[in-house]
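Trainee: sequence isn't available, so here's the structure alone:
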Ligand SMILES: NC(=O)c1ccc[n+]([C@@H]2O[C@H](COP(=O)([O-])OP(=O)(O)OC[C@H]3O[C@@H](n4cnc5c(N)ncnc54)[C@H](OP(=O)(O)O)[C@@H]3O)[C@@H](O)[C@H]2O)c1
């Protein structure tokens with residue numbers, strides 16, 4: 001089991017993931033700009049929790065440190081005015097995979113508001129978290145992280161399905177912040 005987790009980005013999402021994973025017994029380091037290569041070299045699994053516009057800078061700092069490692073992409077591919085930046089023929093996660101071809105990118109956590117990312121629950125009800133990636137072992141390891149935090153972790157298949165997860169993350173923001181439901185909402189797959 002991967003125990004050493006580097007979280008790139010120490011904001012709402014990075015902080016919530018750090019809290020949930022530390023509680024679950026993982027060794028976690030958060031990395032700011034300038035600390036990314038070192039933290040990525042140390043870690044088994046790298047979680048990206050930065051604004052979409054910062055991805056290119058993060059990729060440049062990661063360099064070869066992610067080769068053969070799992071990268072969890074928790075970003076939503078949004079423009080600064082909160083519109084979907086990438087349409088349905090690719091996704092932010094697939095572009096990240098192209099930029100870091102030796103890594104195993106897994107899209108996950110982006111469909112959950114940060115407020116619920118440390119325990120996987122809204123008002124005591126368990127949420128679903130999804131993981132999409134082309135490497136089955138990397139995907140399984142991210143599902144394990146989700147379960148350890150407290151989510152119902154759902155295998156979302158190949159990385160191509162990040163297109164749906166990024167649209168779902170966008171819809172979550174629409175429901176919460178545009179349509180007036182607030183952030184105490186989340187998705188649960190009944191199965
Ligand atoms: N908030 C949510 O509910 C939520 C839910 C799901 C997914 N997401 C996605 O998760 C990502 C992070 O969201 P957030 O709400 O956590 O944002 P946030 O609170 O603004 O935090 C972003 C973090 O990224 C850091 N950062 C920016 N550029 C960087 C760089 N080049 N290298 C390293 N770190 C850098 C920022 O550092 P500085 O403060 O020093 O700039 C900050 O710590 C976004 O892609 C968002 O769409 C958010």
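Mentor: Looks like it arrived, so ask away. No experiment lies behind these values; they were computed from the predicted model shown.
Trainee: got a pLDDT number for residue 2?
Mentor: If you check residue 2, the pLDDT there is 63.
Trainee: residues touching residue 63, list them.
Mentor: Applying C-beta atoms under 8 Å, 6 or more residues apart in numbering to residue 63 gives the contacts residue 37. The C-beta positions use only the backbone N, C-alpha and C, and glycine is treated the same way.
Trainee: okay, the residue in the chain that the ligand sits nearest to and residue 18: tell me how far apart.
Mentor: In the chain, no residue comes nearer to the ligand than residue 11, which is 1.8 Å away by C-beta to the nearest ligand atom. Look at residue 11 and residue 18: by C-beta to C-beta, to the nearest Å, they are 11 Å apart.
Trainee: for these two, indicate the residue with more neighbours.
Mentor: residue 18 (21 against 12; other C-beta atoms under 10 Å).
Trainee: just checking, what packs against the one helix or strand that one maps to?
Mentor: Using DSSP states H and E, residue 18 sits within helix 12-23. Counting contacts by 3 or more C-beta pairs under 8 Å, 6 or more residues apart in numbering; DSSP states H and E, helix 12-23 is packed against strand 4-8, strand 27-31, helix 136-149.
Trainee: among the ones you listed, which is the most enclosed?
Mentor: strand 4-8 (a mean of 24; mean count of other C-beta atoms under 10 Å).
Trainee: residues in contact with that strand?
Mentor: Contacts of strand 4-8 (C-beta under 8 Å, 6+ apart): 14, 17-18, 21, 26-31, 36, 39-40, 42-50, 58, 62, 145.
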